[in-house]
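Peer 1: output the structure for:
(2 chains)
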Amino acid sequence: MKSYFSELFTGAWSLILGLKVTIKALVSPIVTVQYPREKIVVTPNYRGHIDLIKFADTGAHKCISCGSCMRECPSDCIVVEGEKREGVKGKVLTIFTLDFTKCSLCGACVEVCPTKALDYSDEYELAGSTREQFHFDLLKRVEERE
Amino acid sequence: METFYSILPELIRIVICAVCGAVIVFGNALVMGYAERKLAGHIMLRPGPMEVGPHGIYQLVIDGLKLMGKQLVVPAKADPLLFRFAPLLAFAPVFVPLLVLPFSEKIQGFDLDIGLLVILALASINLLAILIGGWASNNKYSLFGVFRAVSQNVAYEIPMLLSLLAVVFMTNSFSLKAVVAAQSPVWFIVIQPLAFLIYLVSIVAETNRAPFDLPEAESELTAGFHTEYSGMSFSLFVLAEYANMFIVSSVATVFFLGGSSGIPLPYFEYSGIIWFMLKVYSLMFFLVWIRWTYPRTRFDQLMNFCWKYLIPFALVNLLITVVMVKLL
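Peer 2: Model (predicted):
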């Protein structure tokens, strides 16, 4: 008989506590983001596909076309080519492409780069209907970036 | 012809009442459907429907059009007549209780002496419709949903009736207008708090809503009694559910919260409907609130709670009420 009433009161009390939790949630601001209209800032730790960095002091990338990244890549998805030009010290980069369909995002290329010219991009809206859309021309991307 | 002219005003009155009833049933379903989804969203810290119209206010209109456009599939092994008949049986009786509800002092379809009995009798037809629909579907899940619905509704109708009976003993009338009139100094929620609590719990079970929504428990029974229903025949069940919510909340308002009484407004015989609707929708907000707070009970817990707690307490409450009425 005693447990009959104590169960009733503890049960009723827990129900009231439950209602308190949900009413608090009802009046607190929403946490979801309405994606196409609102976007959150991407965390700096995010590892998208690799990208050449445009350095502010020179206004250009620092790739020396050494090809370390191409050799280091376990998936063979980077192609780098450079050529000697008259009056320019070292090689000039002519082709830097990434086949993102094969990339496993291991980051070996970023780590091996002697001039620290590579970094991860914060690109996350990646969807396409053909696989050619994921063959990125990183040289063109770095030139077009303002 | 003479008789026709004599009953003409009454006929016009019936037509107006029926139209108003239909407006309330459909308008209530629109408002509650939207409010339910919005409140559910905000309780889960998300915005709810946002796409159709500003803050998704046209979502329910679009949903209604979609449901009307859908094909009504009748399963091959189902009873074709009863299967089609059940949604209509669920939906049709919800209009009649609206005719006897006293929305304000002068806004009332018909003030019947047996108003409460009309409401309770017609509200329980909904269960019969669920029984027919689930049986005619010829589907295990529907049948199990119906088993649960029937045992649950039969059990919870007893405390509901007993709690209302306590008020009826005090007012000595089944007429809803008389019950409202009897609450002019104090509302019956003050005198009969236990009856109000019991009634509140019972109506959650009567309208088959969470945490007592075992007849349509999706984790065990896919959708319970309306598993096989699609399109408009499904939405008739939903419309009936919301209309039933409105009716039971109105009965709670009339019996415990003083009906249309409140702070006087100009033309209070008519504008009392504002207070009435405010109370009804506060109760319905409470029903939505508990739906999104509590997890579904187990079936034995549900039945234990009714037979071990609600019915004994309702009986004791009734007994005390009777003794007090006799003594005072």
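Peer 1: give me the number of residues near residue A:138?
Peer 2: For residue A:138, the count of nearby residues is 23 (other CB atoms under 10 Å in any protein chain shown). Where you see a C-beta, it was placed from the backbone N, CA and C, and this is true even at glycine.
Peer 1: could you measure from it over to residue B:75?
Peer 2: From residue A:138 across to residue B:75, the span is 58 Å (CB to CB, to the nearest Å).
Peer 1: residue contacts, the most centrally placed residue in chain A?
Peer 2: Centroid-nearest residue in chain A: residue A:48, 2.8 Å away (criterion: CA atoms, centre = their mean). Shown in contact with residue A:48 (CB atoms under 8 Å, 6 or more residues apart in numbering or on different chains): A:120-124, A:126.
Peer 1: how does chain A divide into domains?
Peer 2: Here the domain assignment for chain A is A:1-31, A:50-144, based on automatic domain parsing.
Peer 1: out of these, nearest to chain B?
Peer 2: domain A:1-31 (4.4 Å; CB to the nearest CB).
Peer 1: so how far is the closest one off the chain centroid?
Peer 2: The chain centroid and the centroid of domain A:1-31 are separated by 43 Å under CA atoms, centre = their mean, to the nearest Å.
Peer 1: buried ones in that domain?
Peer 2: Going by neighbour count (16 or more other CB atoms under 10 Å in any protein chain shown), the buried part of domain A:1-31 is A:22, A:25-26.
Peer 1: check which helices and strands the longest helix along chain A is in contact with.
Peer 2: Ranked by residue count under DSSP state H, the longest helix found in chain A is helix A:2-27. Judged by 3 or more CB pairs under 8 Å, 6 or more residues apart in numbering or on different chains; DSSP states H and E, helix A:2-27 is in contact with helix B:2-43, helix B:268-291.
Peer 1: before we move on, back to that, in a helix, the residue nearest to the centre of chain A, correct?
Peer 2: No - assigned with DSSP: H, G, I helix; E, B strand; the rest coil, residue A:48 falls outside any helix and is coil.
Peer 1: sheet partners, orientation included, of whichever helix or strand comes after the longest helix of chain A?
Peer 2: Later in the chain than helix A:2-27, the nearest helix or strand by DSSP states H and E is strand A:50-52. Using DSSP bridges, strand A:50-52 pairs in its sheet with strand A:118-120 (antiparallel).
Peer 1: how far off centre is stretch B:286-293?
Peer 2: Offset of stretch B:286-293 from its chain centre (CA atoms, centre = their mean): 15 Å.
Peer 1: what are the contacting residues of that stretch?
Peer 2: By CB under 8 Å, 6+ apart, the residues outside stretch B:286-293 that reach it are A:18-19, A:21-23, A:26, B:32, B:35-36, B:39-40, B:43-44, B:200, B:203-204, B:207, B:209-211, B:245, B:249.
Peer 1: if you set the cut-off to 7 Å instead, what comes out?
Peer 2: Applying CB atoms under 7 Å, 6 or more residues apart in numbering or on different chains, the external contacts of stretch B:286-293 come out as A:18-19, A:22, B:35-36, B:39-40, B:43, B:204, B:209-210, B:245.
Peer 1: just stretch B:85-92 next, same as before
Peer 2: Surrounding stretch B:85-92, the residues in contact under the criterion CB under 7 Å, 6+ apart are B:125-126, B:128-130, B:132-133, B:136, B:229, B:233, B:236-237, B:239-240.
Peer 1: okay, those residues in TSV with secondary structure, pLDDT and neighbour count next?
Peer 2: Formatted as TSV, the contacts of stretch B:85-92 follow (DSSP: H, G, I helix; E, B strand; the rest coil; pLDDT from 0 to 100; neighbours: other CB atoms under 10 Å in any protein chain shown):
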residue	secondary structure	pLDDT	neighbour count
B:125	helix	87	16
B:126	helix	85	25
B:128	helix	88	15
B:129	helix	88	22
B:130	helix	88	28
B:132	helix	89	20
B:133	helix	87	30
B:136	helix	88	22
B:229	coil	85	25
B:233	helix	85	23
B:236	helix	87	23
B:237	helix	85	21
B:239	helix	86	23
B:240	helix	87	25
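Peer 1: of all these, which comes closest to residue B:84?
Peer 2: Closest approach to residue B:84 among those (CB to CB): residue B:233, at 7.1 Å.
Peer 1: distance of the closest one relative to residue B:295?
Peer 2: From residue B:233 to residue B:295 the distance is 29 Å (CB to CB).
Peer 1: send me the lengthiest strand in chain A as PDB with only the CA atoms.
Peer 2: Ranked by residue count and defined by DSSP state E, the top strand of chain A is strand A:91-99. Extracted in PDB, the C-alpha atoms of strand A:91-99 (Å, rounded to 0.1, in the frame of the first residue of the first chain):
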ATOM      1  CA  LYS A  91      60.800  25.800 -63.200                       C
ATOM      2  CA  VAL A  92      57.500  27.400 -64.000                       C
ATOM      3  CA  LEU A  93      54.400  25.400 -63.200                       C
ATOM      4  CA  THR A  94      52.300  24.600 -66.300                       C
ATOM      5  CA  ILE A  95      49.900  21.800 -65.200                       C
ATOM      6  CA  PHE A  96      48.700  20.900 -61.700                       C
ATOM      7  CA  THR A  97      45.600  18.700 -61.800                       C
ATOM      8  CA  LEU A  98      43.900  16.600 -59.100                       C
ATOM      9  CA  ASP A  99      41.700  13.600 -59.900                       C
END
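Peer 1: now the following helix or strand past it: buried residues?
Peer 2: Next helix or strand after strand A:91-99 toward the C-terminus (DSSP H and E): helix A:108-112. Within helix A:108-112, the residues scored as buried using 16+ other CB under 10 Å are A:109-110.
Peer 1: mind giving me the packing neighbours of helix A:108-112?
Peer 2: Contacts defined by 3 or more CB pairs under 7 Å, 6 or more residues apart in numbering or on different chains; DSSP states H and E place helix A:108-112 against helix A:68-72, strand A:118-120.
Peer 1: now these as JSON lines including mean pLDDT?
Peer 2: Shown next, in JSON lines, are those (pLDDT from 0 to 100):
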{"stretch": "helix A:68-72", "mean pLDDT": "87"}
{"stretch": "strand A:118-120", "mean pLDDT": "87"}
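Peer 1: the ones you listed into CSV, with extra columns for mean neighbour count and distance to residue B:323?
Peer 2: Below are the helices and strands packed on helix A:108-112 laid out as CSV (neighbours: other CB atoms under 10 Å in any protein chain shown; distance: least, CB to CB, whole Å):
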stretch, mean neighbour count, distance to residue B:323
helix A:68-72, 17, 92
strand A:118-120, 18, 80
